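Asker: next come a sequence and a model predicted from it.
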Number of protein chains: 2
Amino acid sequence: MATEPDKVRKRGRPAADRAGLTADRILTTALALVDAAGLDALSMRRLARELGVDPMSIYHHLPNKAAVVSGLVGLVFSRMRLPESVPDDWAGQVRAWVDAYRDLTRRHPRLVLQIVTDPVAVTQASETINGPLHAALTSAGVPADKIDACAGMFVDFANGFALAGLEPPSPAPAGKPPQSHFDTGMDVMILGIRALTAGRDER
Amino acid sequence: MATEPDKVRKRGRPAADRAGLTADRILTTALALVDAAGLDALSMRRLARELGVDPMSIYHHLPNKAAVVSGLVGLVFSRMRLPESVPDDWAGQVRAWVDAYRDLTRRHPRLVLQIVTDPVAVTQASETINGPLHAALTSAGVPADKIDACAGMFVDFANGFALAGLEPPSPAPAGKPPQSHFDTGMDVMILGIRALTAGRDER
DNA sequence: ACCTGAACACCGTTCAAGT
DNA sequence: ACCTGAACACCGTTCAAGT
């Protein structure tokens, strides 16, 4: 089979109909590629192939590969599903927010390293997650100078847990589903917060 | 300046004196390279240049680049400094072991992602760290079915913390060094363990 | 303005050939 | 047994050229 002649792309600006590239389309395609084939499969050339475009076209919308990767992380963060109704108690609130964050990393397991590592993403996280998390910890009675550290504890734990991979072997699918290691960790940390604030104005 | 003629390497087996390559020498050189220039700088070709050797020579000692990286992680783990004298109390023991683990990641910041991620390394960690950590938690009175989860909590936190980067901005170097976020997290988790085991046979 | 193709300086790895 | 060099199939990115 010879090279198909109808696969040759025209050069120059595309006709008005053929929807031009956009950063959005690039990132959406890249995310699908990474979710399906892993981060190693993400190359500018392969991404371009996926888009049906010359590799260099991408550079007119994103400055380089690093921008593609961090754009990916931003896209994932923008899709975070916030809990619809938060519980009344602070412990329930903390769980709800950490769960929302954790779901993010679970939906894109091949991207966790970048998510957890990207400094810009961490800032994004601060704005959307840490706010409510801080509020919950404040209402728990955690002293102001320990709020950041306690919020960080939950996030760091969630990150470390996500990286450590999926749940442990879990040999017994039958019977009561044993409490997951994640949940146990959360319980202990919440007990710790409670102990930290014992005797303070907790509600 | 032309290519220097005396830099030309002989081919074939080296004379007995010129110490041949070994996996050890390759990994030690690779670790120095990564510590100094980052993981991105580690390529088989550059590593070979550093070793004064043809790129392909490396393949006679390590099967591929992945083996080099995981060898690196193993090398780092083998250098873990165990605490010389562990405290009597379980909380002190837990701190000592987590600190030893954390030092590992601090000594090789450009390798943390691999350390935290490498499944073989995690197994190594299980053997050298988790043993004493489990023992400390057992003596704390943690029920047997929660030991793994609690040990994991500390390790996951340490991993997540290491990844989140160095300490926060830390604007105030003067005065009392404020308790680090890491220490606060450890305190809260230990409080949590204590609360978990309240009323049990703790010693 | 946006897209393209050739070109540059790299990669990891296979394989046949040297000693 | 160990080392080497050419070769293959890739990379990210720059730059001049197309429309």
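Answerer: Received it, and whenever you're ready, just let me know what you need.

Asker: show me what the longest helix seen in chain A is packed up against.
Answerer: If you go by DSSP state H, chain A has its longest helix at helix A:144-163. Counting contacts by 3 or more Cβ pairs under 8 Å, 6 or more residues apart in numbering or on different chains; DSSP states H and E, helix A:144-163 is packed against helix A:90-107, helix A:112-117, helix A:131-140, helix A:181-196, helix B:112-117, helix B:144-163, helix B:181-196. All C-beta atoms are positioned from the backbone trio N, CA, C, and that covers glycine.

Asker: what packs against the helix or strand of chain A with the lowest mean pLDDT?
Answerer: Among the helices and strands of chain A, helix A:119-125 carries the lowest confidence by mean pLDDT, DSSP states H and E, at a mean of 70. Applying 3+ Cβ pairs under 8 Å, 6+ apart, one finds that helix A:119-125 contacts helix A:65-78.

Asker: need the contact partners of the least confident helix or strand of chain A.
Answerer: Contact partners of helix A:119-125, identified using Cβ atoms under 8 Å, 6 or more residues apart in numbering or on different chains, comprise A:70, A:73-74, A:77, A:101, A:114-115, A:155, B:164-165.

Asker: one more: stretch A:63-80?
Answerer: When contacts are defined by Cβ under 8 Å, 6+ apart, stretch A:63-80 is touched by residues A:23, A:26-28, A:30-31, A:34, A:39, A:42-44, A:47, A:58, A:62, A:100-101, A:103-104, A:107-108, A:111, A:114-115, A:118, A:120-121, A:124-125, A:128-129.

Asker: and it, does that touch DNA strand C?
Answerer: No - Stretch A:63-80 stays clear of DNA strand C (Cβ under 7 Å from any atom of the strand), getting no nearer than 12.8 Å.

Asker: can you pull the buried residues of that stretch?
Answerer: Within stretch A:63-80, the residues that count as buried by 16 or more other Cβ atoms under 10 Å in any protein chain shown are A:67-73, A:75-77.

Asker: ditto for stretch A:105-125
Answerer: For stretch A:105-125, burial by neighbour count (16+ other Cβ under 10 Å) applies to A:105, A:108, A:111-118, A:121-122, A:124-125.

Asker: how far away from the center of its chain is the least confident helix or strand of chain A?
Answerer: Using Cα atoms, centre = their mean, to the nearest Å, the distance from the centre of helix A:119-125 to the centre of the chain it belongs to is 10 Å.

Asker: do the same with stretch A:31-47
Answerer: 17 Å.

Asker: for the record, mean pLDDT for that stretch?
Answerer: What stretch A:31-47 shows for mean pLDDT is 95.

Asker: kindly report the same for stretch A:52-59.
Answerer: Across stretch A:52-59, the average pLDDT comes to 95.

Asker: can you list the residues that contact it?
Answerer: Taking Cβ under 8 Å, 6+ apart as the rule, stretch A:52-59 contacts A:9, A:21, A:26, A:44-45, A:47-48, A:51, A:68.

Asker: how about that stretch, does it reach DNA strand D?
Answerer: Yes - against DNA strand D, stretch A:52-59 shows contacts by Cβ under 7 Å from any atom of the strand at A:55-56, A:59.

Asker: and A:Ser43, how many neighbours?
Answerer: Residues near A:Ser43, counting by other Cβ atoms under 10 Å in any protein chain shown, number 13.

Asker: and it, how far from chain B?
Answerer: Separation of A:Ser43 from chain B (Cβ to the nearest Cβ, to the nearest Å) stands at 15 Å.

Asker: one more: A:Leu62?
Answerer: Separation of A:Leu62 from chain B (Cβ to the nearest Cβ): 19 Å.

Asker: likewise for A:Pro55?
Answerer: Distance, A:Pro55 to chain B, using Cβ to the nearest Cβ: 21 Å.

Asker: check which helix or strand the nearest residue in space to that residue that is not next to it in sequence maps to.
Answerer: Sequence neighbours aside, A:Ala48 is the residue nearest to A:Pro55 in space, at 4.0 Å (criterion: Cβ to Cβ, 6 or more residues apart in numbering or on different chains). Element membership of A:Ala48, judged by DSSP states H and E, is helix A:44-51.

Asker: tell me which other helices or strands that helix touches.
Answerer: helix A:23-37, helix A:65-78.

Asker: is the first one in proximity to DNA strand D?
Answerer: No - for helix A:23-37, no contact with DNA strand D is found by Cβ under 7 Å from any atom of the strand; the gap never falls below 10.6 Å.

Asker: in stretch A:185-200, what's buried?
Answerer: Buried positions in stretch A:185-200, judged by neighbour count with 16+ other Cβ under 10 Å: A:185-197.

Asker: alpha carbons of the longest helix of chain A, as CSV, please.
Answerer: C-alpha atoms of helix A:144-163 as CSV (Å, rounded to 0.1, in the frame of the first residue of the first chain):
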residue,chain,number,x,y,z
ALA,A,144,-5.1,30.1,63.5
ASP,A,145,-1.3,29.3,63.4
LYS,A,146,-1.9,25.7,62.8
ILE,A,147,-4.6,25.9,60.1
ASP,A,148,-2.2,25.9,57.2
ALA,A,149,-0.3,22.9,58.5
CYS,A,150,-3.4,20.9,59.2
ALA,A,151,-4.9,21.6,55.8
GLY,A,152,-1.5,20.6,54.3
MET,A,153,-1.6,17.4,56.3
PHE,A,154,-4.8,16.3,54.6
VAL,A,155,-3.7,17.3,51.2
ASP,A,156,-0.2,15.8,51.5
PHE,A,157,-1.8,12.6,52.8
ALA,A,158,-4.2,12.5,49.8
ASN,A,159,-1.3,13.1,47.4
GLY,A,160,0.9,10.5,49.0
PHE,A,161,-1.9,8.0,49.0
ALA,A,162,-2.7,8.7,45.4
LEU,A,163,0.9,8.2,44.4
